[in-house]
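S.K.: coordinates for the following, if possible.
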Amino acid sequence: MSEVTKFARAINFDTDKLLGDWIVCIPGFTLQKYRQLQRSRLSIFSMHCFGGLISHTLGLPFLSPFVNLYLKEKDYLRFLSNPHFFINKKLVFERISDDLTEIPNNYPIFSLGNISLRFQHYTEKKECIQKWTARKQRINWYNILAVMNTENPDVAEEFDNLPYGKKICFVPFKSNLDSAFYINPKVIKGNVVIALSNVVPMFYDIFDMLLYGKKTPLIEM
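M.R.: The predicted model follows:
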């Protein structure tokens, strides 16, 4: 698809009119919703790579610095409580991860004020700074979706209380919280982030989710 897009740009073809054939196979797809999503310039704040994976799948630009990195729950909630404050903080190298339970485990960790950003899919400190600096300037503050997942009901409730018009918290338990999207834990195997990005579009209408933060189940939960 990237080669097709390059060629289209070279002949001055409107690339917004391009549509990957796999996208029309995503449950809930309608051309109207997809074009609306393209035009919305959505910025996804995610505690891990879910936002980047979903954007990539749907052919959407990365309008968020939260790509190929992750934050721990408390750091992410702290960021969401005052995003403008943290975005304007300088990214400062902290250390190289040595957590042998992670693969890869030798990635740079940076401080942003009093929170830590874990650039798990990078090796060079310079690239981390360049990507973060460039992407944070693309944030569309008028259309933000906040996304996380947790197994802790208290964390889910704290997230639900945050003042975001669109917010999604994937949880492995039934909940009455507006932002809680139940995912049956039996279907989550291996890497949670990859599993979520593959499973969520089968469980919920991903277009309603991204456009409106709406919980539209596609199957009975």
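
S.K.: neighbours around Phe207, how many?
M.R.: Phe207 is flanked by 22 other residues according to other Cβ atoms under 10 Å. All C-beta atoms are positioned from the backbone trio N, CA, C, and that covers glycine.

S.K.: for Asp75, which three-state class applies?
M.R.: helix (DSSP: H, G, I helix; E, B strand; the rest coil).

S.K.: distance check, it against Trp141.
M.R.: For Asp75, the distance to Trp141 equals 21 Å [Cβ to Cβ, to the nearest Å].

S.K.: more crowded one of those two?
M.R.: More neighbours surround Asp75 than the other of Asp75 and Trp141, with 19 against 9 (other Cβ under 10 Å).

S.K.: gap between that one and Tyr182?
M.R.: In this structure, Asp75 and Tyr182 are 25 Å apart, going by Cβ to Cβ.

S.K.: how about the contacts made by the residue nearest the centre of the chain?
M.R.: When Cα atoms, centre = their mean is applied to the chain, the residue found nearest the centroid is Gly51 (1.7 Å). Neighbour list for Gly51: 44-45, 64, 66-67, 145, 147 [criterion: Cβ atoms under 8 Å, 6 or more residues apart in numbering].

S.K.: give the buried residues for stretch 67-78.
M.R.: Neighbour counts using 16 or more other Cβ atoms under 10 Å place 67-71, 73, 75-78 of stretch 67-78 among the buried residues.

S.K.: before we move on, the earlier item: export the contacts of Gly51 to a markdown table and tack on distance to Asp205 and pLDDT?
M.R.: Output for these, formatted as a markdown table (distance: Cβ to Cβ, whole Å; pLDDT from 0 to 100):
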| residue | distance to Asp205 | pLDDT |
| --- | --- | --- |
| Ile44 | 16 | 96 |
| Phe45 | 21 | 96 |
| Ser64 | 21 | 93 |
| Phe66 | 23 | 92 |
| Val67 | 24 | 89 |
| Leu145 | 14 | 97 |
| Val147 | 15 | 95 |
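
S.K.: right, I'll leave it there.
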